[in-house]
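**Student:** What follows is a predicted protein model with its sequence.
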Amino acid sequence: MTRAEMLRHAEEWIAAWNRGDVERVLADFAEHARFASPRAALIAGQAELHGKAAIGAYWRRAIEMNGVPRFRLDSVICDPERREMMVIYDRFRDGKVTRACEFMRFGADGKQIEGEAMYGAEREITMAR
């Protein structure tokens, strides 16, 4: 993937999540992908999920329990040679915002083979004066 393709992927990823379109997010994953998240442990019973079907089941359940997420893209760090990127974003929920990032690794075919979500501290949303 080129840097431009990675940036486009990040924008489309954020847009798909904001629509609650799990199928669109999953379309970019390889069947054998691995995904890790501390939130997966709470919902799926394990922090590391293996396979596109398990990842999709976790995300559908998370939306069922918590509603469609609202993300705002902050920045993207790309390493095209290693086929890796980090998407940095804000997650809004219940009047609070959490800084988050998602590590993504892609195979030679452009499909995501690995992902890991990481979260910062949740804080109240404040209005600028």
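**Tutor:** That came through, no problem. Owing to the predicted nature of the structure, the values given are computational and were not obtained by experimental measurement.

**Student:** secondary structure class for the residue most central in space within the chain?
**Tutor:** Nearest residue to the geometric centre of the chain (Cα atoms, centre = their mean): Glu102, 5.3 Å. Under DSSP: H, G, I helix; E, B strand; the rest coil, Glu102 falls in the strand class.

**Student:** pretty sure it is touching Tyr119, no?
**Tutor:** No - using Cβ atoms under 8 Å, Glu102 is not in contact with Tyr119, being 9.9 Å away. Bear in mind the C-beta positions are built from the backbone N, C-alpha and C, glycine included.

**Student:** name the element Phe35 belongs to?
**Tutor:** For Phe35, the element it lies in under DSSP states H and E is strand 29-36.

**Student:** Double-check Arg24 against Ile14; I have them as touching.
**Tutor:** No - here Arg24 lies out of contact with Ile14, judged by Cβ under 8 Å, at a distance of 11.3 Å.
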